[in-house]
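Novice: from the sequence below, what's the structure:
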Amino acid sequence: MQRVYAVRGAIALNEDTREEVVTGTQTLLRELITRNSISPDAIVSIFFTATDDVHAEFPAAAARLMGLNGVPLMCARELDVESSLAMPLCIRVMMHFYGETKPEPVYLGGTDRLREPPDPA
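Specialist: Numbers count the residues shown, from 1 in each chain. Reported below is the predicted structural model:
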């Protein structure tokens, strides 16, 4: 039985250039799609956030360049919270899609530490 799922992912970039934003975002999206067997037609929407140091391109533009046309896309800034595990040059994504199995998140470029629980101190 199909239902709507949301899957998270993140990637750390090496630098803030248009090429790096496009390549990194597309690498992350392809890995999410491949690892979770998501058909592009099953994607409901994609929400991107980027840290304050990403200025060269919109992550959503990278999705459009790889053919995800007709999918609602939105970009926003990641909150700059002092106690967070934030990392520089980071793009995060939450993809909503129709599927049959619980998806596996994808964290690339050392971003897996973003999944650690916050320090209670």
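
Novice: the helix or strand hosting Val7 - what's its average pLDDT?
Specialist: Assigned by DSSP states H and E, Val7 belongs to strand 3-12. Mean per-residue pLDDT for strand 3-12: 98.

Novice: one more: stretch 40-47?
Specialist: 97.

Novice: burial check on Thr101, number of neighbours?
Specialist: By the criterion of other C-beta atoms under 10 Å, Thr101 has 10 neighbours. The way it works is simple: take the backbone N, C-alpha and C, and place the C-beta from them, glycine included.

Novice: shouldn't it be within a strand?
Specialist: No: read with DSSP: H, G, I helix; E, B strand; the rest coil, Thr101 is coil and lies in no strand.

Novice: just the pLDDT for it.
Specialist: 95.

Novice: residues contacting it?
Specialist: Counting by C-beta atoms under 8 Å, 6 or more residues apart in numbering, Thr101 touches no other residue.

Novice: check the one 3 residues further on too.
Specialist: Contacts of Glu104 were listed using C-beta under 8 Å, 6+ apart, and they are 7, 35-36.

Novice: just the buried residues from these, in ChimeraX please.
Specialist: To isolate the buried members of the contacts of Glu104 in ChimeraX, using 16 or more other C-beta atoms under 10 Å:
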select :7,36
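
Novice: from the contacts of Glu104, which is closest to Val21?
Specialist: The nearest member of the contacts of Glu104 to Val21, counting by C-beta to C-beta, is Val7 at 20.5 Å.

Novice: ok, back up a step: buried ones in the strand holding Val7?
Specialist: Neighbour-count burial for strand 3-12, counted by 16+ other C-beta under 10 Å, picks out 5, 7-12.

Novice: can you list these in a markdown table and add distance to Cys75?
Specialist: Formatted as a markdown table, the buried residues of strand 3-12 follow (distance: C-beta to C-beta, whole Å):
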| residue | distance to Cys75 |
| --- | --- |
| Tyr5 | 21 |
| Val7 | 18 |
| Arg8 | 16 |
| Gly9 | 15 |
| Ala10 | 14 |
| Ile11 | 14 |
| Ala12 | 17 |
